[in-house]
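*Asks:* heads up, no residue letters with this:
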């Protein structure tokens with residue numbers, strides 16, 4: 001899958017998406033077991049992996065330092081933070097993007113974007 005991070009296009013990347021749902025567990029001493037409830041909050045994490053050269057990794061670092069990180073993908077538009085960039089001398093890289101779930105909806109507009117292109 002090709003990925004656009006800001007103005008930088010990365011070809012043939014593997015993208016893993018993790019959707020974490022938040023639950024609440026209620027213990028009642030009068031009954032056996034406990035009750036689980038989905039509290040309707042969720043958070044996305046994205047792992048982008050592939051092969052690039054060192055100059056492209058430096059350009060990726062520059063793009064991810066821009067303010068207003070916004071992730072556009074088929075599930076919606078989210079404000080995100082880049083949690084980790086990793087590069088290996090073999091040319092393998094990994095970019096870990098985390099949705100900023102505490103950001104108010106009105107602040108989710110920005111100039112930096114990540115697009116996944118099938």
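*Replies:* Okay, I see it. Quantities reported herein were computed from a predicted structural model and do not represent experimental measurements.
*Asks:* please count neighbours and contacts with C-alpha atoms only from this point.
*Replies:* Fine.
*Asks:* give me phi/psi at the spatially closest residue to residue 13 that is not a sequence neighbour?
*Replies:* Leaving aside its sequence neighbours, residue 13 sits nearest to residue 50 (CA to CA, 6 or more residues apart in numbering; 4.7 Å). Here is the backbone geometry of residue 50 (degrees, to the nearest 10): phi -180, psi -160.
*Asks:* and for residue 55?
*Replies:* phi -60, psi -40.
*Asks:* SS state for residue 94?
*Replies:* strand (DSSP: H, G, I helix; E, B strand; the rest coil).
*Asks:* equivalent analysis for residue 29, please.
*Replies:* Residue 29 ends up coil, using three-state DSSP.
*Asks:* quick one: the strands in this protein?
*Replies:* 2-5, 8-10, 14-27, 34-51, 69-73, 76-87, 92-99, 112-117 (DSSP state E).
*Asks:* who's in contact with the closest residue in space to residue 15 that isn't next to it in sequence?
*Replies:* Spatial nearest neighbour of residue 15, chain neighbours left out: residue 48 (4.6 Å); criterion: CA to CA, 6+ apart. The neighbourhood of residue 48, defined by CA atoms under 8 Å, 6 or more residues apart in numbering, consists of 13, 14, 15, 16, 94, 95, 96.
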